[in-house]
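Participant: What follows is a protein structure lacking sequence information:
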Ligand code: HEM
Ligand SMILES: [Cu+2]
């Protein structure tokens, strides 16, 4: 054994001295978690801009009643691709990027457990993105079903639908491999002394998220596979004439879909659980209850799916069960919000950009969570289903929740990644513009929904016009404000004030014990784990 | 958990171009399949190209891993990583089948009775709640698959193959190479016979029983579940064959043979799925 591992170690040095491939080859062949993390983050940002451009097409069309710029078919395609690209191309890869960068550094590992497969998980994303975007240009256009891909419409679409189906398959492979990698890394690569209950919370959230992905992505794969065979091989899973049922698809889809929203939310919780203590200069309040809350949310998320299906004719007992089960999730989520607030209680707070985004997250995510509770009530949801109220709800959760948290993490760890402090003034501008325009864009949508404006429609009745103008202004303002972050990141990569190894005095965790920028191979041997760094 | 000092030195593989090759393969496969399914020119060509590139990638990548393993590059920590990963991979495969089993249960317990309920009588007059069913729109008569013919034999074959594989494993641990090789050969043979029966059964179903993919939900669930299972058996047989070739080359020791065990876990998983299929598809 002794000899064995020694060879491995020597080999490792060996390739260091030979040098890595450079230029584009470095990025294509890399097995380094930092390179791969950066690629995930850049990819995610590009997709965010693409998906964002699509949302602006949607908002431009909705600026005034009537049909202005695009056909209803194209509107639906933009709507579908916007959502698929934002969910699978922007938000999920962003947090996988954070996982790649931070998990090995946080637990004291040299790299991910499967460094080569890690690279494949990333390189599967571009083919999926190509399939999705190219589908706009094929005969019949892209899938126009909404991201939920419900039959019978999805059975009738043209070949763009098949491209979306295969894109989903490839994205699923990527997610499953990435998740297996993360679970294995966390369970098997922690430095001696770091027990699970001393592990940083970001790793905990990813452990549960990865479990959710491994369990739910194959379900989605099964669902779209049945769509594919119904489309081309004459099966009747979703056709009543053959004994099937379109509602069956909704059950399978949401059995994946609800865990999916926690796949997006949990890593966001993880990031915020690091940022808030750091800028409160206090340890996180209630670490153990946080861990249990994460696990509880992960578990319950598999048993609430039909709250998306109250109006499909499920029996009354079913409606009641899913209503109460959904409300149950508010309990662990409430525990988390309580702990974040309590962490700040009597802390010595400062409000640098990461903290601002974390606080923006806290306030707006809580609003999104509360509207979620409103929607959980069957009697209410029967009115609000498929209205703009739902659109407002999930943008509060996904944009002000997940995206703001990703920004908090970006500003928080950027000094560690680049070795430079970012431009604080620009960062603050980015935050305040995002915060204000986001609310201008999405808050009025609550009113639109309550007044009965349906979602997924390019035209609407006159009485909705005013709020849509406001929402449109907010959307364009929000969209263009996001370009600021590009400037900030470029500046920080190029230069700026040198960052100390622990640029935030309240931050804890192994990642702050190494220099900034972190060396290419952070830990060649398991580091000593000082209890002061426990819990990240 | 305290690691022995020797196991704590990390292993990180060298840069590799195989991931990119794999991604190109999948892009070709997806594009080819889309073209083929929509009857656009050259679909088959692109699809074939995708398979070729995929095969090259699999050879290259796994060849690399086997080389690293035989070159003693993997320490105990890497071995543990492989075990975790294989376990979670099999779990993800289980969830894939859960989707199809779930569809089957939903159709039998909810969809068919609902279509036969009085509320639906105006749409589907006279439709009876029964199984197997090809749905209210079907007019073509078909016959049902019976459990106690080929499927029962197939169950026996797969169960036996699980035993022969374990016997082979005992041989590996006891350094009895002949037992190991015979055990593997038997397992592979049983798997291949299983597959042949399956193909024969499909042929019969199409030729004489009028049971097709297009035979309503019965045909849909039957072919989807048994088809994906058969595909997994094929994968399992392929992996067992690779293990056999490696054994013939003298790979593996009594202590270190994760590849063998990983494939064995996979084979048992395929076995268990079949038991589920036998019960709910053929028998009940
Ligand atoms: C600039 C920011 C954004 C704007 C202006 C925006 C705007 C919109 C609009 C107008 C719709 C159509 C609503 C409808 O007619 O039903 C929509 C749908 C949607 N958006 Fe966004 N969005 C933004 C960011 C995001 C992000 C970051 C995500 C995800 C993480 C996201 C996820 C979705 C989803 C899932 C849908 C539903 C699509 C469907 O009905 O299938 N959006 N968005
Ligand atoms: Cu849900």
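Facilitator: Great, that's in hand. What you see is a predicted model, and the numbers here were worked out from it, not measured in a lab. Ligands and ions are numbered 1, 2, ... in the order given.

Participant: Could you report the separation of the residue most central in space within chain B from chain A?
Facilitator: Taking Cα atoms, centre = their mean, the centroid of chain B lies closest to residue B:232, which sits 1.3 Å from it. Plainly put, residue B:232 is 13 Å away from chain A if you go by Cβ to the nearest Cβ, to the nearest Å. Heads up, the C-betas are built off the backbone N, CA and C, glycines and all.

Participant: now that residue, what's its secondary structure?
Facilitator: Three-state call for residue B:232 (DSSP: H, G, I helix; E, B strand; the rest coil): helix.

Participant: in what helix or strand does the closest residue to it other than its chain neighbours lie?
Facilitator: Take residue B:232 and drop its neighbours on the chain: the residue closest to it by Cβ to Cβ, 6 or more residues apart in numbering or on different chains is residue B:270, 5.0 Å away. Taking DSSP states H and E as the criterion, the element that holds residue B:270 is helix B:258-277.

Participant: Could you list the buried residues of that helix?
Facilitator: B:258-264, B:266-271, B:273-274, B:277 (16 or more other Cβ atoms under 10 Å in any protein chain shown).

Participant: Counting by contacts, list what that helix packs against.
Facilitator: The helices and strands touching helix B:258-277, judged by 3 or more Cβ pairs under 8 Å, 6 or more residues apart in numbering or on different chains; DSSP states H and E, are helix B:76-106, helix B:150-173, helix B:216-248.

Participant: how far does the second one sit from the chain's center?
Facilitator: Centroid separation for helix B:150-173 versus its chain: 16 Å, with Cα atoms, centre = their mean, to the nearest Å.

Participant: And the contacts of that helix?
Facilitator: Contact with helix B:150-173 is made by B:145, B:176-184, B:186-187, B:190-191, B:193-194, B:197-198, B:200-201, B:240, B:247, B:252, B:254, B:257, B:260-261, B:264, B:267-268, B:270-271, B:274-275, B:278, B:282, as judged by Cβ atoms under 8 Å, 6 or more residues apart in numbering or on different chains.

Participant: Surely residue A:79 is in contact with residue A:58?
Facilitator: Yes: taking Cβ atoms under 8 Å as the definition, residue A:79 is a contact partner of residue A:58 at 6.0 Å.

Participant: Turn the helices and strands packed on helix B:258-277 into TSV, columns for mean pLDDT and distance to ligand 1.
Facilitator: Below are the helices and strands packed on helix B:258-277 laid out as TSV (pLDDT from 0 to 100; distance: least, Cβ to the nearest ligand atom, whole Å):
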stretch	mean pLDDT	distance to ligand 1
helix B:76-106	96	21
helix B:150-173	97	42
helix B:216-248	97	26
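
Participant: Reformat these as TSV; add distance to residue A:44.
Facilitator: Converted to TSV, those look like this (distance: least, Cβ to Cβ, whole Å):
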stretch	distance to residue A:44
helix B:76-106	23
helix B:150-173	43
helix B:216-248	32
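
Participant: Nearest to residue A:401 among those helices would be which one?
Facilitator: helix B:76-106 (26.2 Å; Cβ to Cβ).

Participant: Check which element follows the closest one along the chain.
Facilitator: helix B:112-115.

Participant: Contacts (any at all) between chain A and that next one?
Facilitator: Yes: using Cβ under 8 Å from any Cβ of the partner chain, helix B:112-115 reaches chain A at B:112, B:114-115.

Participant: Kindly state the domain boundaries assigned to chain B.
Facilitator: B:14-73, B:75-283 (automatic domain parsing).

Participant: does the residue nearest to residue B:232 really touch residue B:231, like I thought?
Facilitator: No: applying Cβ under 8 Å as the test, residue B:270 and residue B:231 come out as separate, 10.0 Å apart.

Participant: tell me what the helix or strand containing residue A:317 is packed against?
Facilitator: According to DSSP H and E, residue A:317 maps onto helix A:316-344. Using 3+ Cβ pairs under 8 Å, 6+ apart, the elements in contact with helix A:316-344 are helix A:246-280, helix A:287-300, helix A:353-376, helix A:378-384.

Participant: hmm, 6 Å instead?
Facilitator: Using 3 or more Cβ pairs under 6 Å, 6 or more residues apart in numbering or on different chains; DSSP states H and E, the elements in contact with helix A:316-344 are helix A:246-280, helix A:287-300, helix A:353-376.

Participant: How far off centre is it?
Facilitator: The answer for helix A:316-344 is 20 Å, by Cα atoms, centre = their mean.

Participant: could you give the angle of it to helix A:287-300?
Facilitator: 160 degrees (axes from the mean of the first three to the mean of the last three Cα atoms, to 10 degrees).

Participant: Quick check: buried residues in helix A:316-344?
Facilitator: Those would be A:319, A:321-323, A:325-326, A:328-329, A:332-333, A:335-337, A:339-340, A:343-344, for helix A:316-344 by 16+ other Cβ under 10 Å.
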